[in-house]
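Visitor: build me a structure from this.
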Amino acid sequence: MTIPPVETWSPRELEDAAVLNRRVSAVHRFLLRPPAARMIGMKRKDLPANAYSVLPFYPLGGEGPTGTSYETWPGMVPTVTADRTMQQDTAWQFVAPVDGRYRITVHGAFATETSLPQARHQLWVEIGVNMTTGTGEAVAAASVDTFSPAQSTPFTMSGGHSTVQRLKAGSKVQFASHCASSPKHSWANDEISTQYKLGSFAEIRWVGTIWEGRPQ
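Guide: Take a look at the predicted model:
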């Protein structure tokens with residue numbers, strides 16, 4: 001699958017079905033269903049403090065109702081084995097199928113093992129592009145943006161962040177978190193509160209073409 005070419009129209013030009021399909025129908029189909037994918041955060045109990053850890057996600061369709069996670073173009077989310085052992089270099093990341101500007105979003109709630117009723121938790125989430133390896137430290141080293149979610153309870157933080165980045169076909173996007181205020185942390189889920197169910201996710205979406213030499 002490719003981006004349909006954008007052709008110019010000439011004054012008083014006579015068109016046939018083939019031209020209209022190429023210039024109108026193909027472009028409309030692409031814009032109706034552009035490259036996009038979403039994964040739902042998977043709770044784990046082994047994300048340590050004082051180090052960056054790759055944020056884990058459920059395999060597509062493995063987290064709940066159909067359509068909660070998705071990919072509009074095949075291959076945007078690598079296949080994860082049934083036992084979920086496929087990690088780091090090959091899983092929990094997005095792959096851009098075509099060149100373009102992509103909106104990258106990560107959102108959710110994080111649970112810790114430490115109560116800080118009078119202080120603020122220290123947690124950062126990094127958005128990495130084209131990491132050299134799939135480790136948390138490599139994601140942080142390749143970070144193009146970062147954010148710190150707001151504290152919502154003495155144990156939890158919640159919030160989200162979006163950034164628009166220029167990606168080439170084959171570019172990989174991965175996420176890592178670092179918590180300096182608790183021995184362990186993870187995505188929060190409905191074990192903490194029903195409001196967190198399916199609320200932790202990451203998503204990328206094609207939003208425009210890269211025009212070389214022009215402002216983006």
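
Visitor: neighbours around residue 12, how many?
Guide: 5 (other CB atoms under 10 Å). Heads up, the C-betas are built off the backbone N, CA and C, glycines and all.

Visitor: over to residue 36?
Guide: Neighbour number of residue 36 under other CB under 10 Å is 18.

Visitor: need the contact list for the spatially closest residue to it that is not a sequence neighbour.
Guide: Nearest residue to residue 36 in three dimensions, chain neighbours excluded: residue 205, at 4.1 Å (CB to CB, 6 or more residues apart in numbering). Remark: with contacts taken as CB atoms under 8 Å, 6 or more residues apart in numbering, residue 205 is in contact with 34-36, 102-103, 105.

Visitor: tell me which of these fall in strands.
Guide: 36, 102-103, 105 (DSSP state E).

Visitor: quick one: buried ones out of those?
Guide: 36, 102, 105 (16 or more other CB atoms under 10 Å).

Visitor: so residue 36 is in contact with residue 77, correct?
Guide: No - counting by CB atoms under 8 Å, residue 36 does not reach residue 77; the two are 10.7 Å apart.

Visitor: re the thing from before, of the contacts of residue 205, closest to residue 187?
Guide: Proximity of those to residue 187 (CB to CB) peaks at residue 105, which lies at 15.0 Å.

Visitor: rewinding a little: overlap of the contact sets of residue 36 and residue 77?
Guide: residue 71.

Visitor: each with direction, which strands does the helix or strand where residue 109 lies pair with?
Guide: Taking DSSP states H and E as the criterion, the element that holds residue 109 is strand 100-112. Strand 100-112 has its sheet partners listed here by DSSP bridges as strand 156-167 (antiparallel), strand 184-187 (antiparallel), strand 201-208 (antiparallel).

Visitor: and the lowest mean pLDDT element among the helices and strands of the chain?
Guide: helix 26-32 (a mean of 64; mean pLDDT, DSSP states H and E).

Visitor: can you show me the helices along this structure?
Guide: 17-20, 26-32, 136-141 (DSSP state H).

Visitor: mind checking how far the last one is from the chain centre?
Guide: Translated: helix 136-141. Here the centre of helix 136-141 is set off from its chain's centre by 15 Å, with CA atoms, centre = their mean, to the nearest Å.

Visitor: quick one on the thing from earlier: could I get the contacts of residue 205 in TSV, plus columns for distance to residue 43?
Guide: Listed next are these as TSV, based on distance: CB to CB, whole Å:
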residue	distance to residue 43
34	30
35	28
36	24
102	26
103	25
105	19
